[in-house]
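Undergrad: this is the structure alone, sequence omitted:
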């Protein structure tokens, strides 16, 4: 049985009324299953694997993550603090633009500090030198733009024309690598091994003369390593070859792969109506709780959905006309008070929630699909909404 079917069948056994609504429910068994796959890949290839906190920051599972992965990667000060304070292992921090006043603290929190451009690295060289004089031992890296695009959506393609992410390899010189110990590249989004291989084949000729000077190479995130159809043998072989050929450490930063098919978002039907088709208003908001539904866009799967039948358009409670999750065919007609759940919501949805229109934030629960143990980790109320505003 593949990971998608395991998720459906696992969460089908959960009584959705056991949690408040709305609520994220994360299955720790599913997370550990993903982590064990990543650990096996790490052991076979020699790559060090870091959890991308930007995708999944549920630090209640930090002790579990620590057992399997080498550390975390952060996108700025707050995530670096979270990685250092809540997790063990290496902290790698990259940001498209660091702030002067935050950099000293970030240096103290980070094992790897990755700059977006050579100019920014040169600008902050005095701060780095001062930190090292004070005893810090941070390794400095530079993000590169391979100028090879594999993106399926320009919004998620760091190698798209005019991208602000990374230094274009065609514009780099040897002088740009003075003081640099590692190179970082991240061009994938929810993709398999083959796009990574094509990217590497395109960029390796540019890097071949520089890599012997480096201590590490970070191949970024976007790798769907825990999906059943991912070519893990191919990735293992590529990492082994890079490590052997250039005598260099290799890092990977999966985010989604840690939490794929490991969580749901539970909601409640508030009202039903008819306007040329059946409508259902729920306390789950696309714009507040699953913004990628609008931004990507994509359609999340509904737990217990049929393949045929009369569709129901499910939307949220906000005043945004476009707060629509999608059209679905539930097993039974929906009525006020019914519980529903959307699948695969542990990654990105949890970290992107907001309180637009005063819509409450979902709670967070941890479930064990083997034992049926359920623990509420956090609920949110009015104070969480009000404190953000003034």
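TA: That came through fine. This is a predicted model, so every value here is computed, not measured.
Undergrad: so which bits of stretch 203-210 are buried?
TA: For stretch 203-210, the neighbour count (16 or more other CB atoms under 10 Å) marks 203, 206-207, 210 as buried. Every residue, glycine included, has its C-beta placed from N, CA and C.
Undergrad: what residue ranges in the stretch 1-150 of the chain score low on pLDDT?
TA: For the stretch 1-150 of the chain, the stretches with pLDDT under 70 are 1.
Undergrad: mind listing the strands for it?
TA: 23-27, 48-52, 71-74, 90-94, 112-115, 139-145 (DSSP state E, counting those that start in this stretch).
Undergrad: what ranges do the strands span in the stretch 151-300 of the chain?
TA: Secondary structure of the stretch 151-300 of the chain (DSSP E, counting those that start in this stretch): strands at 167-168, 182-184, 216-218, 249-252, 263-274, 278-282.
Undergrad: hang on, the earlier thing: can you list the buried residues of stretch 203-210 in JSON lines and add distance to residue 379?
TA: Listed next are these as JSON lines, based on distance: CB to CB, whole Å:
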{"residue": "203", "distance to residue 379": "46"}
{"residue": "206", "distance to residue 379": "50"}
{"residue": "207", "distance to residue 379": "48"}
{"residue": "210", "distance to residue 379": "50"}
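Undergrad: so which of those residues are in helices?
TA: Secondary structure assignment by DSSP state H places 203, 206-207 of the buried residues of stretch 203-210 in helices.
Undergrad: so can I have JSON lines of those residues showing pLDDT?
TA: JSON lines is the format used below for these (pLDDT from 0 to 100):
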{"residue": "203", "pLDDT": "98"}
{"residue": "206", "pLDDT": "96"}
{"residue": "207", "pLDDT": "97"}
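Undergrad: kindly indicate which of these lies nearest residue 260.
TA: Comparing these against residue 260 with CB to CB places residue 203 closest, at 26.7 Å.
Undergrad: separation between that closest one and residue 332?
TA: 52 Å (CB to CB, to the nearest Å).
Undergrad: swap in residue 375?
TA: For residue 375 relative to residue 332 (CB to CB), the value is 29 Å.
Undergrad: check residue 171 too.
TA: For residue 171, the distance to residue 332 (CB to CB) stands at 59 Å.
Undergrad: where do the helices sit along the stretch 201-350 of the chain?
TA: 232-246, 256-259, 286-289, 292-295, 349-352 (DSSP state H, counting those that start in this stretch).
Undergrad: tell me, what residue is most central in the chain?
TA: residue 55 (2.1 Å; CA atoms, centre = their mean).
Undergrad: list the contacts for it?
TA: For residue 55, the contacting residues are 221, 255-256, 258-259, 347-348, 351, by CB atoms under 8 Å, 6 or more residues apart in numbering.
Undergrad: can I get the residues you listed in TSV with neighbour count?
TA: What follows is the contacts of residue 55, written out as TSV (neighbours: other CB atoms under 10 Å):
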residue	neighbour count
221	22
255	22
256	24
258	27
259	28
347	26
348	18
351	15
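Undergrad: make TSV from the residues you listed and add distance to residue 50 to it.
TA: Below are the contacts of residue 55 laid out as TSV (distance: CB to CB, whole Å):
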residue	distance to residue 50
221	9
255	9
256	13
258	10
259	14
347	15
348	17
351	16
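Undergrad: closest to residue 36 out of those residues?
TA: Nearest to residue 36 among the contacts of residue 55, with distances taken as CB to CB, is residue 258, at 11.1 Å.
Undergrad: does the closest one touch residue 347 like I think?
TA: Yes: at 7.4 Å, residue 258 counts as touching residue 347 under the criterion of CB atoms under 8 Å.
Undergrad: what sits in contact with each of these two?
TA: Here residue 258 and residue 347 have 55-56 as joint contacts, going by CB under 8 Å, 6+ apart.
Undergrad: quick one, which of the strands of the stretch 151-300 of the chain is nearest to residue 141?
TA: Nearest of the strands of the stretch 151-300 of the chain (CB to CB): strand 182-184, 3.6 Å.
Undergrad: returning to what we had before: most tightly packed of the strands of the stretch 151-300 of the chain?
TA: The highest mean neighbour count among those, using mean count of other CB atoms under 10 Å, belongs to strand 182-184: a mean of 24.
Undergrad: helices or strands up against that one?
TA: Contact here means 3 or more CB pairs under 8 Å, 6 or more residues apart in numbering; DSSP states H and E; on that basis strand 182-184 packs against strand 112-115, strand 139-145, strand 216-218.
Undergrad: in a markdown table: the ones you listed, plus distance to residue 368.
TA: Formatted as a markdown table, the helices and strands packed on strand 182-184 follow (distance: least, CB to CB, whole Å):
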| stretch | distance to residue 368 |
| --- | --- |
| strand 112-115 | 34 |
| strand 139-145 | 38 |
| strand 216-218 | 33 |
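Undergrad: and these: which comes nearest residue 42?
TA: strand 216-218 (14.0 Å).
Undergrad: list the contacts for residue 258?
TA: 31, 34-35, 38, 51-52, 55-56, 65, 69, 226, 347.
Undergrad: pLDDT at it, what is it?
TA: At residue 258, the model reports a pLDDT of 98.
Undergrad: surely residue 158 meets residue 187?
TA: Yes: under the criterion of CB under 8 Å, residue 158 makes contact with residue 187 at 5.3 Å.
Undergrad: neighbour-wise, which of the two wins?
TA: The neighbour comparison of residue 158 against residue 187 (other CB atoms under 10 Å) goes to residue 187, with 30 against 21.
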